[in-house]
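1. need coordinates for the following:
(2 chains)
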Amino acid sequence: MDPASRDAWLVAELSWWMFASAIFIYIVTIGLLGVGAGIFRGRNRLSFRAGTTLVVLGGVLAPIIAIVAIGVSGVAIGDETEGPDDGSAKLTVEVVGRQWWWELRYLDAAGEVVAVTANELHLPVGERARLELLSDNVIHSFWAPNLQGKTDAIPGRRNLLFAEPEVEGVWRGQCAEFCGNQHTLMGFMVIAEPREKFGRWLERQASDARATQGPGLDIFLKLGCGDCHTIRGTSAAGQKGPDLTHLASRRTLAGATLKNSRGNLGGWITDTHEVKPGALMPSFTPEPQDLHDLLDYLEALK
Amino acid sequence: MTARDGTAEARDHALGPSSYDHQAAVGQASFERIEKTWRSPSGFFGWFTQVNHSAIGLRFIVTAFVFFILSGLLALAMRLQLAIPLNQMLSHETYNQVMTVHGTAMMFLFAIPAMEGFAIYIAPLMVGARDMAFPRLNAFGYYVYLIGGSAFFLSLAFGMAPDAGWFNYVPLANKTFSEGYGVDIWTTMITFIELSALTAAVELIVTIMKLRAPGMSLDRMPIFVWAVLVMSFMILFAMPSVMVASAFLMMDRLVDTQFFIVENGGSPLLWQHLFWFFGHPEVYIILVPALGIVTSIVVTFSGRPLFGYTALVLAITGIGMVSFGLWVHHMYTTGLPFMGRSFFMAASSMIAIPSGVQVYCWIATLWGGKVRFATPMLWVLAFFGVFIAGGLTGVMVASVPFDRQVHDSYFVVAHFHYVLMGGAVFPLMGAVYYWFPKATGRMLSEHLGTWSCLTVFVGFNITFFPMHILGLQGMPRRIYTYLDGMGWGDLNLLATAGAFLLAFGFALTLFNVIHSVRHGAAAPDNAWGGSTLEWATASPPLNCNFIQQPVVESRRPMWDWREADTRTVVAGLREDRRETMVTTLLDARPQSVMVLPGPTPWPFVSAVAASAGFIGLIFSPWFFPIGFFAVFATMVLWFWPRHPWRKE
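-> Numbering: from 1, shown residues only, chains lettered A, B, ... in the order given. Okay, here's the model as predicted:
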């Protein structure tokens, strides 16, 4: 637990209080059992009055105190971490759970999609972002522990989650609801950066691809990659897989499974199911020179 | 009579066995006639016709523990796979199947049937009945469970086991995302197996309400019987929910209904509500009888009456009721309105009150007692150590904001293994050690039992305690591997090592049981100096349970009889047919005599017909009418009017 937002910090604080109280209650209860059956072994039975006092104090009063504490803190903290949904969050991102990766769609004030990326959620430090969780397949759950508790992405519903990083940083998040074959490797990165840097990043993500021609792109299209992947500015406009327009700007590949490097990218294309068995992308085995060109091209998609 | 609460008297109860001569009570000739009337047929074909509750109960227990061992082996396979990062021992497909079968089998094939087994075996003895109210239905329930459970497990051997998790969430479990027969096997077999839970519940309720020995008014019923009664009512209300849910899903997959298909207005959340409306009471269905077991053992080994009988009864009943009002705490992350979740937060943490009352009643009972630390009591102490910890983390996960962090993480895995193993398996092991002498007439080795309990306790904590920390470090559930560099390797390796120690501990008990069945020391009737009626019959129990049904005058008839040095019994039941007393609901005043049916193969034939229908349904909807008419035909033969007794 390494909180990077007030929401996560509040929950961490709550946890420590609860752990401390739980350990206290555990020691007292087991202690009473030990004292009763051990130290007082063979002495007289508790009088009815003493026994009743014990049961009422330990079995009724202590739990009631705990329930009130849990209830009050739970409602107070829950209220704060899950809201407010009053339109004060300026940035809205649609987070779409796919099998088995995350699509992130940045919306402008009018609710139009301005940029689409995958498995890498950038957020400006100190601003409350509104995440809308969607799914068009099975149920996923978006969990970035350093920022916020998890919330499910359920088909047919639009669930909300608010995230407000307070410090710069890069953290890992992960799908938390069992979603089939590669639930295990359905990770993502969260990057909190200063407003200005974030603005530049978003601007770039919103633009078309930097490289819109070359032998690599021809290979890309010839292999059929464009049936599933989009590279804005080219004829590749598939919707099944992640948008690759700015692939090279990302830190990781394959749902935060691999570091984004030339070697890993090549390995991912030619040996997809070695990395992520059950992934929906088929492997491709282009000629060495073609692969070389393809990687050159993909690496140019900054 | 002296005051029952004095310590001097407590010591007396702790003394050795009573020696009651069952034959002399009615005379040799009568004894043999009665035993002949109640005898179960032997031999291979005889086996399929037995209906006595002691035979069926024992089968439930043994079968449940076989499934426990098999599911435990699956757990070991999972722990091996997770021992190191990026391990390749199990493929993701195999892992998901193993994970699903482990969870499903532990819940549906082990925990519930084991509890039912003990209830079926012990409860009729405890209330002083000669058998259960519907012996043939009982047998039918067992065959359904045996066939359904075996078919479910066999699917794993054929590699077509379900792999969508024991909770089987839609849309993942829909046809679009789960092709093949796996999920079909889950839906049909779960619906089918739950039939046996329902039949057991119905007849446990009737047996406890109507067949109690004269004098055993409701407020003299042993706590274990109360717990079984509460469990049975919970089964009646909870099981239909999961049966409806899985029937809906079965139809979605089989005949294209649209209950859970979003595109056509179906709802994935409907499944979750139906499933958890069953799923949460389910864990209390498992816990409640275990609380009864713990109470029985605490009373016997402290050698004196329970402190706070009424409080305990209220607590158990309270748990049963409240458990139906907190299912949404499994759904805190689904985006339901916060206000609604707050209600369930309050309801969930409320369980702490009845649980607290129970724990402190037990402490008050044990306080100052000369507690005998024999093996059953050791398991109960282990239960205290583990279950209280699990209960405390349970109160924590009731908190919405906390749960949203730890939900579906290893913290929750740790939590529910603490409550389920602590709250059910440890008491069940205690029950095995406690009632083994009654069921077999032989004692288990105390020495091996002590070592087994110690190893299991240590192994359990090494396995599951690190999972709390892993969960807080962000390790999600239901993953077949994890990346190097997440920092989860060491604790996972520790947990795997613990799992093997845990398995070794259980193996000691397994060996103990196998060895002692043949070579254990002979057990007296009242092996532990217990106060309840199961100790009044011979060990193992007579065919008729009680050669003369007892008459009860307090909550602890065995201790009364010892003091008075005589037994109060019913006389005058016929010897040539299976007769047992029927008494009034509240006061247990004698009302009439019930004649119970004898051995018959029809329940088995009916169960086979029903199985053919259900298993066939996995492959074709046509098996529904086929199964329906086959069961109808066998039931007609089963219920064909005939005298339940031999003609005079």
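2. pull the number of nearby residues for A:Gln294.
-> Actually, residue A:294 is Leu. It isn't Gln. Residues within reach of A:Leu294, counting by other Cβ atoms under 10 Å in any protein chain shown, total 25. (Each C-beta comes from the backbone N, C-alpha and C, glycine too.)
3. I'd assumed it was in a helix, is it?
-> Yes - judged by DSSP: H, G, I helix; E, B strand; the rest coil, A:Leu294 forms part of a helix.
4. is it true that it touches A:Leu221?
-> No - contact between A:Leu294 and A:Leu221 fails when scored by Cβ atoms under 8 Å: they sit 10.4 Å apart.
5. skipping its backbone neighbours, what lies nearest the residue of the stretch 301-450 of chain B found nearest chain A in space?
-> Of all residues in the stretch 301-450 of chain B, the one sitting closest to chain A is B:Arg404 (2.6 Å; Cβ to the nearest Cβ). Once flanking residues are discounted, B:Arg404 sits nearest to A:Gly149: 2.6 Å by Cβ to Cβ, 6 or more residues apart in numbering or on different chains.
6. now do the phi/psi pair for the one you found.
-> Here is the backbone geometry of A:Gly149 (degrees, to the nearest 10): phi -70, psi 170.
7. partner strands of the helix or strand hosting A:Phe142 and their direction?
-> Secondary structure assignment for A:Phe142, by DSSP states H and E: strand A:140-143. Sheet pairing of strand A:140-143 (DSSP bridges) gives strand A:151-153 (antiparallel), strand A:169-175 (antiparallel).
8. how about it as PDB, C-alpha atoms only?
-> Output of strand A:140-143 as PDB, limited to C-alpha atoms (Å, rounded to 0.1, in the frame of the first residue of the first chain):
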ATOM      1  CA  HIS A 140     -13.700  -6.500 -16.000                       C
ATOM      2  CA  SER A 141     -12.700  -4.500 -13.000                       C
ATOM      3  CA  PHE A 142     -10.400  -1.500 -13.200                       C
ATOM      4  CA  TRP A 143      -8.000  -1.400 -10.300                       C
END
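9. secondary structure class for the nearest residue to B:Ala105 once chain neighbours are set aside?
-> Take B:Ala105 and drop its neighbours on the chain: the residue closest to it by Cβ to Cβ, 6+ apart is B:Ser71, 4.2 Å away. Classification of B:Ser71 using three-state DSSP returns helix.
10. check contacts around B:Ser71.
-> Residues near B:Ser71 by Cβ atoms under 8 Å, 6 or more residues apart in numbering or on different chains: B:Val101, B:His102, B:Ala105, B:Met106, B:Leu109, B:Phe110.
11. now, which of those sits nearest chain A?
-> Once Cβ to the nearest Cβ is applied, the member of the contacts of B:Ser71 that ends up nearest chain A is B:His102, at 13.5 Å.
12. right, and B:Gly369 touches A:Ala37 too?
-> Yes - using Cβ under 8 Å, B:Gly369 makes contact with A:Ala37 at a distance of 6.8 Å.
13. any idea of the pLDDT on residue 45?
-> I went with chain A, as the question did not name one. The per-residue pLDDT reported for A:Arg45 equals 78.
14. wrong one, chain B
-> Looking at B:Phe45, its pLDDT reads 93.
15. for residue 122, what is the enclosing helix or strand?
-> I'll assume chain A. Going by DSSP H and E, A:His122 is in strand A:120-124.
16. to clarify, I was referring to chain B.
-> If you go by DSSP H and E, B:Ile122 is part of helix B:112-126.
17. next, the buried residues of the following helix or strand past that helix.
-> Per DSSP H and E, the first helix or strand lying C-terminal to helix B:112-126 is helix B:135-157. By neighbour count on 16 or more other Cβ atoms under 10 Å in any protein chain shown, the buried set for helix B:135-157 is B:135-153, B:155-156.
18. could you give the angle of the helix or strand following helix B:135-157 to helix B:112-126?
-> Per DSSP H and E, the first helix or strand lying C-terminal to helix B:135-157 is helix B:182-210. In terms of direction (axes from the mean of the first three to the mean of the last three Cα atoms, to 10 degrees), helix B:182-210 departs from helix B:112-126 by 10 degrees.
19. helix or strand next in line after helix B:182-210, which one?
-> Following helix B:182-210 in sequence, per DSSP H and E, is helix B:223-255.
20. now that following helix: buried residues?
-> B:223-235, B:237-243, B:245-254.
21. also stretch B:198-207?
-> Residues of stretch B:198-207 classed as buried by neighbour count (16+ other Cβ under 10 Å): B:Leu198, B:Thr199, B:Ala200, B:Ala201, B:Val202, B:Glu203, B:Leu204, B:Ile205, B:Thr207.
22. what does it rub up against?
-> Here stretch B:198-207 makes contact (Cβ under 8 Å, 6+ apart) with B:116, B:119-120, B:123-124, B:127, B:129, B:132-134, B:137-138, B:140-141, B:144, B:228-229, B:231-233, B:235-236, B:239-240.
23. the contacts of B:Ser71 in helices, which ones?
-> Per DSSP state H, helices hold the following members of the contacts of B:Ser71: B:Val101, B:His102.
24. adding pLDDT, write the contacts of B:Ser71 out as CSV.
-> Below are the contacts of B:Ser71 laid out as CSV (pLDDT from 0 to 100):
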residue, pLDDT
B:Val101, 95
B:His102, 96
B:Ala105, 95
B:Met106, 95
B:Leu109, 95
B:Phe110, 96
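25. how about CSV for the contacts of B:Ser71, with neighbour count and distance to A:Thr117 added?
-> Shown next, in CSV, are these (neighbours: other Cβ atoms under 10 Å in any protein chain shown; distance: Cβ to Cβ, whole Å):
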residue, neighbour count, distance to A:Thr117
B:Val101, 25, 38
B:His102, 21, 38
B:Ala105, 22, 42
B:Met106, 25, 42
B:Leu109, 27, 46
B:Phe110, 26, 47
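26. which members of the contacts of B:Ser71 are the farthest-apart pair?
-> B:Val101 and B:Phe110 (11.6 Å; Cβ to Cβ).
27. the closest residue to chain B within the stretch 51-200 of chain A and A:Ala8: what is the separation?
-> Proximity of the stretch 51-200 of chain A to chain B (Cβ to the nearest Cβ) peaks at A:Gly149, 2.6 Å away. To A:Ala8, A:Gly149 is 8 Å away according to Cβ to Cβ, to the nearest Å.
28. residues in contact with the strand holding A:Phe142: which ones?
-> With Cβ under 8 Å, 6+ apart, strand A:140-143 has contacts from A:95, A:97, A:102, A:131, A:133, A:149-153, A:161, A:173-177, A:179, A:186, B:333, B:408, B:474, B:476.
29. show me which of these are buried.
-> Counted by 16+ other Cβ under 10 Å, the contacts of strand A:140-143 give A:95, A:97, A:102, A:131, A:133, A:149-153, A:161, A:173-177, A:179, A:186, B:333, B:408, B:474, B:476 as buried.
30. tell me the contacts of the residue nearest to B:Arg404?
-> Residues near A:Gly149 by Cβ under 8 Å, 6+ apart: A:Asp7, A:Val11, A:Thr81, A:Trp143, B:Thr333, B:Pro401, B:Asp403, B:Arg404, B:Gln405, B:His407.
31. show me where the chain has strands.
-> In the absence of a named chain, chain A is used. Along chain A, the segments classed as strands by DSSP state E run A:91-98, A:101-107, A:113-118, A:120-124, A:129-135, A:140-143, A:151-153, A:159-163, A:169-175, A:187-193, A:252-253, A:258-259.
32. ah, no, chain B please
-> B:579-583, B:590-595.
33. if we can go back for a sec, ok, which of the strands paired with strand A:140-143 comes nearest B:Ala364?
-> Here strand A:151-153 is closest among the strands paired with strand A:140-143 (Cβ to Cβ), at 44.2 Å.
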